[in-house]
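K.L.:
Next comes the sequence, and after it the predicted model I'd like to discuss.
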Amino acid sequence: MKISIQELSKAYNGVDIFSDFSLEVDDGVRLCLCGPNGTGKSTLLRLIAGVEAPDAGRVVLPRGCRLGYVEQELDEAALDTSLLSYVLDVLHDWNVFWADWEAATSAGEQDRLKELMRRQAELETVYGYNPEQRARAVLSGLGFAERKWTRPLRSLSGGWRERAKLARVLTAGADALLLDEPTNHLDMDAVEWLETFLQDFKGPLVFVAHDRVFMDKVGTHVLYLGLSKPVFRKTGYSRFLALQAEFENQREREAKTLQNELRRKMAFVERFRAKASKARQAGSRQKMAKKLEKELENLRPDPKRKELNFSWPEAAPSEKVVLAAADLTFAFPDGKRLWPPLTFTLYRGQRVALVGHNGSGKSTLVKLLAGTLERGGGNLVRASQMRPGYYTQHQAETLRSDTTVLAEIRRLSDPRCTEEELMSVLGLFLLGQEYFDRQVSALSGGEKSRLMLAGLFLKRCNVLLLDEPTNHLDMESREALGVALRKFSGTLVIIAHDRWLLSQIGAQMWELTAGGITSYADFSAWDAARRPIPGDGASGNAVPDKAVSGREEARRLKREAAEKRNAQYKALRPLQVRYEALEADLERLLAEQGEVESLLADPRVYADHSRSNELLARFESVRRRSEDILTDMAGVEEEMAAARQGFQDV
């Protein structure tokens, strides 16, 4: 299996995105497309997928290649489909196969069954063994609780719909995968599951991501866009950066050597050009100088990767104790509590990253600290000089849509901020000069989120409460955010799923669970605690052994429960298919029985002895067959009950 890109060209508004670009992506190659926003990463994916046509050149895929590419929009019919049905719908061939199998089994057609066994082998070659179970594994891996599988897609939020589209593509069993920012909307557990899934993928994979750890773990090759020409390297992203830096340094050294040589030759030409005795030598050196100029042109340095620097506007210091919580509680209207009463203190300059599974209440706790949510009980005391800055993506709804970007950033910022500070921070969040006069109403959702974050940077806050600030930021902006947060001298509470960012900001990790808060010294301590070394009871400076062993036990139970569900599904599936087939036959016979009864009730038909005798015989036949089916269904129900009981006893 190979994706072949041949002399591809594409331009927008007269600007070349690609020009005579060629590349081959073989089986086992996991190609990471990277580079600043607007350099053509998503465009290349669309060109490969055939969603967009090139200006010249072509993309060649093997005949019959099943390409996995996430669709952009969900139609109305899909939105009214249940999550599991939407994902399983890509297994149409398997669904038809099971129906044919049951029909052949019921009819005792041995030749047909032999033919279907060959068909099963073909399907397993294409889709793998038990793809329906894979669909359930994918949904679980991407964080969908089983209770959500029967819900219509329309009931899911935008982020969960994106996960559903990804689940559908991964379930389909594609020969080649094209993924555009697949880690968006995924929590850390789901991202790590996806990493493992993709590392096991055997076909060609081309993906765009802004999660640096994900890029390093999944990518085997890098295609960097945004320089004078695309740069292809057989390496991971971080190693690519080091190699590219060394490559550019080498080019600079070569260019300096050539420049010195060129200056010497031109000095000789200028000195002796007018002397007849030296004219030939001067002419020779001038020709050599022209060759050197061409060599220098080839060594012209590429534009550097965007390096965004930022200094925080000075903010007034707060008291030593910024926030103090005692027996803090919160309950939803239905009485559900996420955690027991919490008691903790946040000090001036302290850095805390809240981590935990989706639904553990991280965002709820930050809302309580920000004062946007009323506590259920306990006390929460804020310092009088505390000046908080709270960021959540939903705050983008508070932007004034009828004003320009520059006017809105002025409104959101501290009045003492200079125009230079305003514009530099807008640039940091990819809202440069071309955005200044643009209406806020014309911004995308991601651009609005970045505008809110830019305004927060300029409020001169001494306490930052950030809920997923890296969403919609490209790689360079995430790196700049990491630098900015390291420079921030105030108190920080952050929720983030970006492991690289968490490892850079020097924050304590507070893991939020149903049992409360467990504190870790830093990201590495928390990461080590959740990945205990087999056979090693210690975990460095992580939590006490009891907490670690409890987590291991929970994982073991979760794994055993999953294995039990898989085995139960495997045992019950043939019985369920058989029961559904019998049920369909029974409905058909009952309909036929009702039709015969209606005919017999007609006096004219009943008076026709030949016709009525025929109908009575047909009625008796249908009745006996119906009773036989009911007996068979009762037997299948007993088998299913026995199978379920067997798994409960395990």
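P.N.:
Thanks, I have it.

K.L.:
tell me, how many neighbours does Arg382 end up with?
P.N.:
Residue neighbour count, defined by other Cβ atoms under 10 Å, stands at 18 for Arg382. C-beta: built from backbone N, CA, C; applies to glycine.

K.L.:
secondary structure class for the nearest residue in space to it that is not next to it in sequence?
P.N.:
Leaving aside its chain neighbours, Arg382 sits nearest to Leu323 (5.8 Å; criterion: Cβ to Cβ, 6 or more residues apart in numbering). For Leu323, the assignment made with DSSP: H, G, I helix; E, B strand; the rest coil gives strand.

K.L.:
next one: Asp16
P.N.:
Asp16 is classified as strand under three-state DSSP.

K.L.:
Okay, and the beta partners of it?
P.N.:
Beta-bridge partners recorded for Asp16 (DSSP bridges): Ala11.

K.L.:
quick check: mean pLDDT across the helix or strand where Phe214 lies?
P.N.:
Phe214 belongs to helix 212-218 when assigned by DSSP states H and E. Averaging pLDDT along helix 212-218 gives 93.

K.L.:
Begin at 24 from now on, thanks
P.N.:
I'll keep to 24 as the first residue from here, and by that count the last item is helix 235-241.

K.L.:
Can you name every helix or strand that it contacts?
P.N.:
Packing contacts for helix 235-241, counted by 3 or more Cβ pairs under 8 Å, 6 or more residues apart in numbering; DSSP states H and E, involve strand 53-57, helix 211-222, helix 260-295, helix 522-527.

K.L.:
and the residue nearest to Arg405, how many neighbours does it have?
P.N.:
Leu346 is flanked by 22 other residues according to other Cβ under 10 Å.

K.L.:
which stretches of the stretch 474-623 of the chain aren't confidently modelled?
P.N.:
The stretch 474-623 of the chain contains residues with pLDDT under 70 at 555-593.

K.L.:
Just the strands from it, written as ranges.
P.N.:
Along the stretch 474-623 of the chain, counting by DSSP state E, counting those that start in this stretch, strands occupy 486-490, 514-518, 531-536, 539-543.

K.L.:
Identify whichever of those lies nearest to Ala190.
P.N.:
Nearest to Ala190 among the strands of the stretch 474-623 of the chain is strand 514-518 (23.9 Å), distances taken as Cβ to Cβ.

K.L.:
what's the neighbour count on the nearest residue to Thr427 once chain neighbours are set aside?
P.N.:
Among residues not flanking Thr427 along the chain, Asp460 sits closest, at 5.3 Å (Cβ to Cβ, 6+ apart). When neighbours are defined as other Cβ under 10 Å, Asp460 has 10 of them.

K.L.:
again with the one 5 residues further on
P.N.:
Counted with other Cβ under 10 Å, the burial measure for Ala465 works out to 11 neighbours.

K.L.:
Surely the residue nearest to Arg405 and Asn402 touch.
P.N.:
No - if you go by Cβ atoms under 8 Å, Leu346 and Asn402 don't touch, sitting 11.0 Å apart.

K.L.:
In contact with the residue nearest the centre of the chain: list those residues for me.
P.N.:
When Cα atoms, centre = their mean is applied to the chain, the residue found nearest the centroid is Thr206 (2.1 Å). Thr206 makes contact with Val214, Leu217, Ala232, His233, Asp234, Phe237, according to Cβ atoms under 8 Å, 6 or more residues apart in numbering.

K.L.:
so which of those is the most crowded?
P.N.:
The most crowded member of these, judged by other Cβ under 10 Å, is Asp234 (26 neighbours).

K.L.:
Pop out the phi and psi values for that one.
P.N.:
Main-chain dihedrals, Asp234, degrees, to the nearest 10: phi -90, psi 110.

K.L.:
Show me the helices in the stretch 24-173 of the chain, by range?
P.N.:
Assigned by DSSP state H, counting those that start in this stretch, the stretch 24-173 of the chain shows helices spanning 64-72, 99-102, 106-111, 115-130, 133-150, 154-164.

K.L.:
Now do the same contact list for Leu217.
P.N.:
Gly164, Leu165, Pro205, Thr206, Leu209, Phe237.

K.L.:
Surely the second one is in contact with Glu215?
P.N.:
No - Leu165 is beyond contact range of Glu215, at 11.3 Å (criterion: Cβ under 8 Å).

K.L.:
For those two, indicate the residue with more neighbours.
P.N.:
Counted by other Cβ under 10 Å, Leu165 and Glu215 do not tie: Leu165 has more neighbours, with 24 against 18.

K.L.:
contacting residues for the more buried one?
P.N.:
Contacts of Leu165 (Cβ under 8 Å, 6+ apart): Arg186, Leu189, Ala190, Leu209, Ala213, Trp216, Leu217.

K.L.:
Could I get those residues in JSON lines, plus columns for distance to Phe480 and pLDDT?
P.N.:
Shown next, in JSON lines, are the contacts of Leu165 (distance: Cβ to Cβ, whole Å; pLDDT from 0 to 100):
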{"residue": "Arg186", "distance to Phe480": "30", "pLDDT": "89"}
{"residue": "Leu189", "distance to Phe480": "32", "pLDDT": "90"}
{"residue": "Ala190", "distance to Phe480": "36", "pLDDT": "89"}
{"residue": "Leu209", "distance to Phe480": "26", "pLDDT": "85"}
{"residue": "Ala213", "distance to Phe480": "29", "pLDDT": "89"}
{"residue": "Trp216", "distance to Phe480": "33", "pLDDT": "91"}
{"residue": "Leu217", "distance to Phe480": "31", "pLDDT": "93"}
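
K.L.:
Any idea how many residues pack against Met446?
P.N.:
16.

K.L.:
hang on, I meant Pro340
P.N.:
The burial count for Pro340: 13, using other Cβ under 10 Å.

K.L.:
how close does it get to Thr415?
P.N.:
25 Å (Cβ to Cβ, to the nearest Å).

K.L.:
swap in Ala551?
P.N.:
Ala551 is 30 Å from Thr415, by Cβ to Cβ.

K.L.:
Ok, Val619 next?
P.N.:
For Val619, the distance to Thr415 equals 66 Å [Cβ to Cβ].

K.L.:
And for Arg553?
P.N.:
26 Å.

K.L.:
With Tyr370 instead?
P.N.:
Separation of Tyr370 from Thr415 (Cβ to Cβ): 24 Å.

K.L.:
who's more crowded, those two?
P.N.:
Neighbours of Tyr370 and Thr415, each counted by other Cβ under 10 Å, are more numerous for Thr415; the result is 19 against 13.
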